[in-house]
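Student: please work out how this folds:
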Amino acid sequence: MIRKLLLAIAVFVVSMGFAFAQIDVNKATPAELDSVKGIGPKLSQVIVAERSKGAFKNWPDLQKRVKGIGNKNAARFSQAGLTVGGKAY
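Tutor: Residues are numbered from 1 along each chain as shown. Coordinates of the predicted model:
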């Protein structure tokens, strides 16, 4: 009984953590971008530099403007909490 309760609490806590992990590529700081699994300091700097030319309109725009973000990485980054304009890939 206690074991099931602890498991339910753990699942709840983990799911709440994912709910707060949404990071919008158009608003995030380099440090916030670095926190997305698979995005390191180099890629976050490229994203921020490209974003300074104008906000990313959508995922295809991000993929077109930032080398190294193809379909596979876009899906992976989205699953890790990255959004473009609040939308997942």
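Student: list the residues that contact Ser44.
Tutor: Ser44 is in contact with 30-31, 33-34, counting by C-beta atoms under 8 Å, 6 or more residues apart in numbering. In short, each C-beta sits where N, CA and C put it, glycine included.
Student: and if you look at Glu50?
Tutor: 56, 65-66.
Student: that one: helix or strand, and which one exactly?
Tutor: Taking DSSP states H and E as the criterion, the element that holds Glu50 is helix 41-51.
Student: what's the following helix or strand past that helix packed up against?
Tutor: Next along the chain after helix 41-51, taking DSSP H and E as the criterion, comes helix 59-65. Where contact means 3 or more C-beta pairs under 8 Å, 6 or more residues apart in numbering; DSSP states H and E, helix 59-65 is packed against helix 71-79.
Student: before we move on, the earlier item: can you tell me which of the contacts of Ser44 lies nearest to Ile23?
Tutor: Leu33 (6.9 Å; C-beta to C-beta).
Student: what helix or strand does the closest one sit in?
Tutor: Assigned by DSSP H and E, Leu33 falls in helix 30-34.
Student: now do that helix: everything it contacts.
Tutor: Contacts of helix 30-34 (C-beta under 8 Å, 6+ apart): 23, 25, 39-41, 43-45, 47-48, 82.
Student: centre of the chain to it, how far?
Tutor: Helix 30-34 has its average C-alpha position 9 Å from the chain's average C-alpha position, going by C-alpha atoms, centre = their mean, to the nearest Å.
Student: how about stretch 45-53?
Tutor: On C-alpha atoms, centre = their mean, the centre of stretch 45-53 falls 15 Å from the chain's centre.
Student: list the buried ones in that stretch?
Tutor: Neighbour-count burial for stretch 45-53 flags 46-47, 50-51 (criterion: 16 or more other C-beta atoms under 10 Å).
Student: okay, the contacts of Glu50 in CSV with pLDDT and distance to Tyr89 next?
Tutor: Output for the contacts of Glu50, formatted as CSV (pLDDT from 0 to 100; distance: C-beta to C-beta, whole Å):
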residue, pLDDT, distance to Tyr89
Phe56, 98, 12
Arg65, 98, 15
Val66, 98, 13
